[in-house]
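J.: starting from these lines, generate the structure:
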Amino acid sequence: MAKKVITFGEVMMRLSPPGYEKFSQASSFELVYGGGEANVGISCAYLGMKAAHVTRFPDNALGKAATQFLRKHWLSTEHVIYGDEMMGKYFLEKGAVHRSSEVIYEREGSAFSLIEPSMIDWEDVLKDADWFHWTGITPAISKGAANSCLDAIKTANKLGITVSGDINSRNNMWKYGKTMQEVIPDLVRNTDVVITSSSGIREMFSLGKLDDKFQDLAIELIDLFPNIKKVVKKTRRIISASHHQIQGKMWNGQDYIKSDMLNITHIIDRVGTGDAFAAGLIYGLLHYDNKQAIEFASAACALKHTVPGDVNTVSLENVETLLQSDTAGAIKR
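T.: Below is the predicted model:
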């Protein structure tokens with residue numbers, strides 16, 4: 001039977017000028033929907049898993065359209081909540097070569113930001129799940145979102161469900177009177193698999209020094225929170241806006257494991273690549289050993305760079321083909 005993952009977080013409208021136009025050139029915008037956690041769920045669904053996303057949409061035509069988008073990409077929407085009127089949104093100007101991408105957010109006062117823990121019955125949501133995934137963006141949005149996320153983690157612990165958290169966040173997102181240093185540790189305390197970075201560990205938990213290696217910081221993090229089983233990082237080397245290199249790294253409490261470095265020579269869309277990595281890691285850890293899992297996560301991430309939009313729609317076969325070192329891109333007949 002297929003494994004099931006539950007994700008929780010905001011889904012926004014993404015509005016982009018056509019192609020690689022700048023905002024100042026645009027006379028129209030391309031519309032897609034996306035959010036880090038939903039992107040993970042969708043990617044898991046395309047890999048053959050069962051997946052459901054928990055979120056809150058405005059009770060209007062935009063909320064219904066966003067729901068249809070999730071369903072179109074194989075996500076169960078039975079736990080979507082509706083209320084209020086505003087859909088969170090962001091504007092993306094895609095970079096190229098030496099010009100970086102630019103993002104502008106409009107999410108304050110969105111339907112999701114007004115979510116409260118009493119709106120979700122997590123025992124019902126998680127009753128048949130194998131995995132729960134959250135990110136550090138969700139608790140930054142509002143007190144209600146943070147408390148809802150904490151309730152989900154505690155319920156998953158109670159039910160024996162594996163919890164993963166992609167905890168990297170941004171200080172400037174925290175606007176409701178709490179800092180990430182105050183909130184994130186309580187969420188990480190009972191998270192099994194933590195995806196983060198060296199700077200994230202230093203900034204959120206005041207661990208280590210500036211020149212400490214990721215492995216040493218990961219060891220310190222597990223010492224601080226012994227319930228963590230694995231600490232994972234995605235390393236990105238930027239040659240230009242169109243040419244990156246990707247490598248996954250994992251400390252599992254005993255061994256330091258690295259994937260092969262993957263060379264991405266022509267980026268179509270960078271948005272959602274970290275979510276593709278997280279989804280690949282979830283699939284990998286549910287189906288393979290640790291070394292295979294980190295290789296699978298890196299391959300899924302690399303392939304997302306070739307897919308327009310926020311979500312990774314590559315199949316299990318696509319990822320397995322890349323893992324077999326087939327990088328030619330030949331037509332499959």
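J.: spatially central residue for this protein, please.
T.: Relative to the mean C-alpha position of the chain, the nearest C-alpha, by Cα atoms, centre = their mean, is the one of Asp275, at 3.4 Å.
J.: identify each buried residue in the helix or strand containing it, please.
T.: Assigned by DSSP states H and E, Asp275 belongs to helix 273-287. In terms of neighbour count (16 or more other Cβ atoms under 10 Å), helix 273-287 has its buried residues at 273-286. Every residue, glycine included, has its C-beta placed from N, CA and C.
J.: just checking the distance from it to the centre of its chain.
T.: 9 Å (Cα atoms, centre = their mean, to the nearest Å).
J.: after that helix comes which helix or strand?
T.: In N-to-C order, the element after helix 273-287 by DSSP H and E is helix 290-304.
J.: I'd like the next helix or strand past that following helix.
T.: helix 316-323.
J.: pLDDT-wise, which helix or strand of this structure ranks last?
T.: Ranking every helix and strand in the chain by mean pLDDT, DSSP states H and E puts strand 102-106 at the bottom, with a mean of 88.
J.: which strands and helices sit next to the lengthiest helix in the chain?
T.: As assigned by DSSP state H, the longest helix anywhere in the chain is helix 143-159. Counting by 3 or more Cβ pairs under 8 Å, 6 or more residues apart in numbering; DSSP states H and E, the packing neighbours recorded for helix 143-159 are strand 4-8, helix 122-126, strand 131-135, helix 138-141, strand 162-166, helix 180-188.
J.: right, so of those, which gets closest to Leu75?
T.: With Cβ to Cβ as the measure, strand 4-8 is the member of those nearest Leu75 (8.3 Å).
J.: tell me the gap between the closest one and the middle of its chain.
T.: 11 Å.
J.: after that strand, which helix or strand is next?
T.: Next along from strand 4-8, by DSSP H and E: strand 12-16.
J.: next SSE downstream of that following strand?
T.: Trace forward from strand 12-16 with DSSP H and E and the next one is strand 30-34.
J.: immediately after that following strand, which helix or strand?
T.: helix 36-46.
J.: quick one: average pLDDT of the helix or strand just after that following helix?
T.: Downstream of helix 36-46, the next assigned helix or strand under DSSP H and E is strand 50-54. Mean pLDDT, strand 50-54: 98.
J.: got the contact list for strand 50-54?
T.: 2-9, 11, 37-38, 41-42, 44-45, 70, 74-81, 120, 125, 129, 152 (Cβ atoms under 8 Å, 6 or more residues apart in numbering).
J.: same question, stretch 86-97
T.: Contacts for stretch 86-97 (Cβ under 8 Å, 6+ apart): 10-17, 19-23, 29, 57-58, 62-63, 66, 101-107, 109-113, 240-242, 269, 271.
J.: likewise stretch 184-198?
T.: Outside stretch 184-198, the residues that reach it (Cβ under 8 Å, 6+ apart) are 134, 136, 139, 146, 149-150, 153-154, 157, 162-169, 204-205, 208, 212-214, 217, 221, 225, 227-234, 277-278, 281, 285.
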